[in-house]
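Undergrad: What follows is a predicted protein model with its sequence.
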Amino acid sequence: MDALDVVETRWEDLDGCVEVVGASEAVRLRLDEPKVIGTGQAIDPGSRFVSGQHANLVLTAAGVKVMDLGSTNGTRIGTKPCPEGQWVEVGLGQTITVANATLRLRVIEGNGKDVRAIDVAGLVAVGFQRLIEYPTGATGLNWWRALTHPQAGAVCETDLPQLNAWLSGFGPLQPLMDDPSVTEIMVLGTQPIWVERAGVIEQTAHAFPDVEFLQRVIERMLTPLGRRVDRSSPLADGRLPDGSRVNVVLPPVALSGPALTIRRFQRQVNDLAEWVAAGSIHGDTAQLLADAVTDGRDVLIVGGTGAGKTTLLNALATFIPESARVVSIEDAAELDIEHSHWARLETRAAGVDGRQGLSGRDLLINALRMRPDRLILGEVRGGEALELIQALNTGHRGCMSTLHANSATACARRLEVLLLSAGIDWPLVAVREQIGQALDLVVAIEKGPDGVRRVVEVAELVGFDDGDYRWHHHFRASRHV
């Protein structure tokens, strides 16, 4: 077979010329011969999240079709889930996502050359130029086919989502942003993009073609947020409209190219019973914490980055009585609790137009004037620690927050550093006395190598003697105390 015009060729003419790529090895489809996708099957994506018999894939005279076989983690065409036991048509250029693995179809010649691999980066570059010359909001099939590019005439309907995502969306990030199983996206220059799924970090086949395009996408994310990043100000944080947190670091600070990190906002049911069912916390320990929150005791959740501090904070906050007025302060709004009397505050960076920034410390001082019954701080990381400790020691009880530390003892030491860094001129013993009188419970959480988050310590600060803290451990590691 010399060449294939995919737009005109009938499906039955593609017998043996449709190849599935993205698995451990490419597999060609024969007409009316179903192939099983799954671990150890004809099409093996090589992921531990893929079921043994995950889905069926077949080439028919009516097109390529896929059917989910009752898999554990589901099958999607693009971003649409496939119903179990029903055939769903797959267009050329669309992705088939089985669990966390991505497959795609390509049409090949007899010599195995991919004749449908369009030059996305090249087409988009020409498209950018045309938009500059002739601004228009219409970028349909005819618009793409009219571009002055060798492959413009071969663009088909199934190419449009990818092309338009690169032209005006987030480019190679778009399918990852649309994937509900992705909880974190990590970009470093033009290297392959990494993601986190189910607590495990893995490399993807997606990448930016060049640094210029990556910087264009970064600008596309930050501009609507009123944030700016450049070589003179290479750091930026923001919150996307869907609630996801974005962090950007540019050269010369980022030595390997622009670093973009997106923590996805997971809008899902999150209650303490799920933590118990997953083995992340013991049932009686969960009840202890639930009672502590209901009774208005102060709870500080500590752990490393990505350990699940905010997720656990969300779960515990559901036990705040409905009669209590809640005021929360966050750098990027991540809390998602159901409460009828909840005032949400979010810090603000100084704007490029000279707009004043508002820090967590500024908002905490103001929040104390808002008659809060309960205070929730997304994270204690700076000068707000001083206002927090002072508030707790002057009658404002029932505070919940998170802190980067590995244990209850490390938490107390870190609070000491934050208080001393806030500009106070107190002796260390006075600082420790203030902390000892303010805190009630410290909950330490860790994420294991298997991606599972577990509560490893619950300690109560019961006093301050002989220059140091006295702790009572309700729970430590895997045993009750």
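TA: Thanks, I have the structure now. Since this is a predicted model, take the numbers as computed values, not measurements.
Undergrad: Have a look at this protein and report its longest strand.
TA: Of all the elements of type strand in the chain, the one with the most residues (DSSP state E) is strand 453-465.
Undergrad: Can you name the next helix or strand after that strand?
TA: Stepping forward along the backbone from strand 453-465, the first helix or strand reached (DSSP states H and E) is strand 468-476.
Undergrad: Give me the contacts around that next one.
TA: Contact partners of strand 468-476, identified using C-beta atoms under 8 Å, 6 or more residues apart in numbering, comprise 282, 285, 288, 408-409, 412, 432, 435-436, 455-464, 480-481. For every residue, glycine as well, the C-beta is placed using N, CA and C.
Undergrad: With stretch 195-205 instead?
TA: Outside stretch 195-205, the residues within contact range by C-beta under 8 Å, 6+ apart are 22, 49, 100, 102, 176, 179, 181-186, 192-194, 306, 447, 450-453.
Undergrad: Check the contacts of strand 468-476 for burial and list the buried ones.
TA: The neighbour count (16 or more other C-beta atoms under 10 Å) marks 282, 285, 288, 408-409, 412, 432, 435-436, 455-461, 464 as buried among those.
Undergrad: Can you give me the neighbour number for residue 121?
TA: Number of residues near residue 121 (other C-beta atoms under 10 Å) recorded here: 14.
Undergrad: Let me know the distance separating it from residue 260.
TA: From residue 121 across to residue 260, the span is 18 Å (C-beta to C-beta, to the nearest Å).
Undergrad: how many neighbours does residue 148 have?
TA: Burial of residue 148, expressed as a neighbour count using other C-beta under 10 Å, amounts to 8.
Undergrad: Please name the nearest non-neighbouring residue to it.
TA: Nearest non-adjacent residue to residue 148, counting by C-beta to C-beta, 6 or more residues apart in numbering: residue 126, 6.3 Å away.
Undergrad: Am I right that the one you found sits in a helix?
TA: Yes: assessed with DSSP: H, G, I helix; E, B strand; the rest coil, residue 126 lies in a helix.
Undergrad: so what's it up against?
TA: Taking C-beta under 8 Å, 6+ apart as the contact definition, residue 126 lies against 147, 148, 149, 152.
Undergrad: And what about the second one, helix, strand or coil?
TA: Remark: residue 148 carries the secondary structure label coil [criterion: three-state DSSP].
Undergrad: So it versus residue 135, what's the distance?
TA: From residue 148 over to residue 135 (counting by C-beta to C-beta), the distance is 17 Å.
Undergrad: Check the first one too.
TA: For residue 147, the distance to residue 135 equals 15 Å [C-beta to C-beta].
Undergrad: more crowded one of the two?
TA: Neighbours of residue 147 and residue 135, each counted by other C-beta under 10 Å, are more numerous for residue 147; the result is 19 against 7.
Undergrad: give me phi/psi at residue 249?
TA: Taking degrees, to the nearest 10, you get phi -130, psi 120 for the backbone angles of residue 249.
Undergrad: Now do residue 214, the pLDDT please.
TA: Residue 214 is assigned a pLDDT of 93 by the prediction.
Undergrad: Could you do residue 118 as well?
TA: We note a pLDDT of 68 for residue 118 in this prediction.
Undergrad: so where's the protein shaky on pLDDT?
TA: Counting by pLDDT under 70, the chain contains low-confidence residues at 1-10, 92-93, 108-118, 137-138, 266-270, 351-355, 478-481.
Undergrad: the helices in the protein, which residues?
TA: 120-133, 141-145, 160-168, 174-177, 211-222, 272-277, 283-294, 309-317, 360-367, 384-392, 408-421, 428-438 (DSSP state H).
Undergrad: Residue 337: which of those is closest?
TA: Closest to residue 337 of these is helix 309-317 (C-beta to C-beta; 4.5 Å).
Undergrad: Kindly spell out which helices and strands sit in contact with that closest one.
TA: Contacts of helix 309-317 with other secondary structure elements, assessed using 3 or more C-beta pairs under 8 Å, 6 or more residues apart in numbering; DSSP states H and E, are made with helix 272-277, helix 283-294, strand 299-303, strand 400-404, strand 441-447, strand 453-465.
Undergrad: Mind doing that once more with 7 Å?
TA: Helix 309-317 makes packing contacts with helix 272-277, strand 299-303, strand 400-404 when contacts are defined by 3 or more C-beta pairs under 7 Å, 6 or more residues apart in numbering; DSSP states H and E.
Undergrad: what comes into contact with that helix?
TA: Contacts to helix 309-317, defined as C-beta atoms under 7 Å, 6 or more residues apart in numbering, come from residues 270-272, 275, 289, 293, 299, 301, 303, 334-337, 376, 378, 400, 402, 445.
Undergrad: Filter those residues down to the buried ones, ChimeraX style.
TA: Those of these that meet the burial criterion (16+ other C-beta under 10 Å) are gathered into one ChimeraX selection, given here:
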select :270,272,275,289,293,299,301,303,334,335,336,337,376,378,400,402,445
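Undergrad: ok, residues contacting the longest strand of the chain?
TA: The list of residues contacting strand 453-465 from outside it, by C-beta under 7 Å, 6+ apart, reads 199, 280-281, 285, 288-289, 307-308, 407-408, 432-433, 436, 439-448, 469-477.
Undergrad: Which among those count as buried?
TA: The neighbour-count test (16+ other C-beta under 10 Å) applied to the contacts of strand 453-465 identifies 199, 280-281, 285, 288-289, 307-308, 407-408, 432, 436, 439-447, 469, 471, 474-476 as buried.
Undergrad: what residues are up against residue 239?
TA: Listed by C-beta under 7 Å, 6+ apart, the contact set of residue 239 reads 225, 245, 332, 333.
Undergrad: now do 8 Å
TA: When contacts are counted by C-beta under 8 Å, 6+ apart, residue 239 touches 225, 245, 246, 332, 333, 346.
Undergrad: Farthest-apart pair in those, please.
TA: Spatial extent of the contacts of residue 239 (C-beta to C-beta) is set by the pair 246 and 346 at 14.3 Å.
Undergrad: more crowded one of the two?
TA: More neighbours sit around residue 246 than around the other of residue 246 and residue 346, counting by other C-beta under 10 Å; the figures are 20 against 15.
Undergrad: Thought residue 259 was touching that one, still the case?
TA: No: in this structure residue 246 lies outside contact range of residue 259 using C-beta atoms under 8 Å: 11.3 Å.
Undergrad: State the distance from the residue nearest to residue 157 when sequence neighbours are not counted to residue 158.
TA: Spatially, and ignoring its direct neighbours in sequence, residue 157 is nearest to residue 141 (6.0 Å; C-beta to C-beta, 6+ apart). With the distance defined as C-beta to C-beta, residue 141 ends up 10 Å from residue 158.
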